[in-house]
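J.: 3D model of this:
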Amino acid sequence: MPKRVSHRERRCEIIDALLQTAGEEGLHAVSMRTVAAKAGVSLRQVQFYFGDKASLMQSALERLEELSHARWEQRKQQLPQTPTVRQHLEAFLEEALPTDEESRLFQRVWSAYAILAMNDQELAKKPFVEGPKRLEKQLATIFASGQERGELLESIAPLIESARLLALNHGLGMSVLVGQRTPKQAMAILHYHLDSIFKD
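T.: Residues are numbered from 1 along each chain as shown. Sure thing, here's the model as predicted:
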């Protein structure tokens, strides 16, 4: 008997096919037909689950966020039971860099979406505006905790530092993606920056 697949599983298979196509060939190569072929399903099925290309593209963006959160949750399980603030930040920064094929594909597709979002405010609103703001606040809380525990310099402004660190990490991630430097070199730069805000 053929394997029974739930609606959610089928949707995820189709979305993952879009992400794979976009990562290998760019978003310009994405169409309902190419995604159907990549997923091994009919065009009619793609239309049934997503209606049109815009809905499919938005769903794929939400899937990217979901996968990113899942990777981070998995990475946190590898941290010590009571990690220092620095250990927590280093793990986060390393996870955000394109260090393997899965994370490189994520970065390529995310960057392609970011370019589209420059001309599409609805597309940009949640993942590219609200998402980073939420992340900055989360990191600011971690920085504030580090100050309370005496790990960070008292002169650090947590919210500003979190925005600066995210911007630095994003830029370094792009430089790794295009081959300007290796992930190891990028992490060395991030370590150098962390050295400047943590106490000896």
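J.: which residue comes closest to the residue nearest the centre of the chain once chain neighbours are left out?
T.: By CA atoms, centre = their mean, the chain has its centre lying nearest to Ser68, at 4.8 Å. Excluding the flanking residues, the one nearest Ser68 by CB to CB, 6 or more residues apart in numbering is Phe106, at 6.7 Å. Just so you know, the C-beta spots here come from the backbone N, C-alpha and C atoms, and that holds for glycine as well.
J.: in a helix, that's where the residue nearest to the centre of the chain is, yeah?
T.: Yes - the assignment for Ser68 (DSSP: H, G, I helix; E, B strand; the rest coil) places it in a helix.
J.: from Ala60, how far out is it?
T.: Distance, Ser68 to Ala60, by CB to CB, to the nearest Å: 13 Å.
J.: which residues do these two both contact?
T.: Listed contacts common to Ser68 and Ala60 are nil; contacts here mean CB atoms under 8 Å, 6 or more residues apart in numbering.
J.: output the below-cut-off pLDDT ranges for this protein.
T.: For the chain, the stretches with pLDDT under 70 are 1-5, 124-126.
J.: which residues in it form helices?
T.: All helices of the chain, identified by DSSP state H, fall at 7-25, 32-39, 43-50, 53-76, 85-96, 101-117, 121-124, 131-148, 158-177, 183-197.
J.: for the fourth one, packing partners?
T.: Right, helix 53-76. On a contact count with 3 or more CB pairs under 8 Å, 6 or more residues apart in numbering; DSSP states H and E, helix 53-76 meets helix 7-25, helix 32-39, helix 43-50, helix 85-96, helix 101-117, helix 121-124.
J.: dump the C-alpha coordinates for the third one into PDB.
T.: In PDB, the C-alpha atoms belonging to helix 43-50 read as follows (Å, rounded to 0.1, in the frame of the first residue of the first chain):
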ATOM      1  CA  LEU A  43       1.000  20.900 -10.200                       C
ATOM      2  CA  ARG A  44      -2.600  20.400  -9.100                       C
ATOM      3  CA  GLN A  45      -1.500  19.300  -5.700                       C
ATOM      4  CA  VAL A  46       0.700  22.400  -5.200                       C
ATOM      5  CA  GLN A  47      -2.200  24.600  -6.200                       C
ATOM      6  CA  PHE A  48      -4.500  22.700  -3.800                       C
ATOM      7  CA  TYR A  49      -2.300  23.300  -0.800                       C
ATOM      8  CA  PHE A  50      -1.200  26.800  -1.500                       C
END
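J.: list the buried residues of it.
T.: Across helix 43-50, burial judged by 16 or more other CB atoms under 10 Å covers 46, 49-50.
J.: which residues does Glu102 contact?
T.: Contact analysis of Glu102 by CB under 8 Å, 6+ apart lists Arg71.
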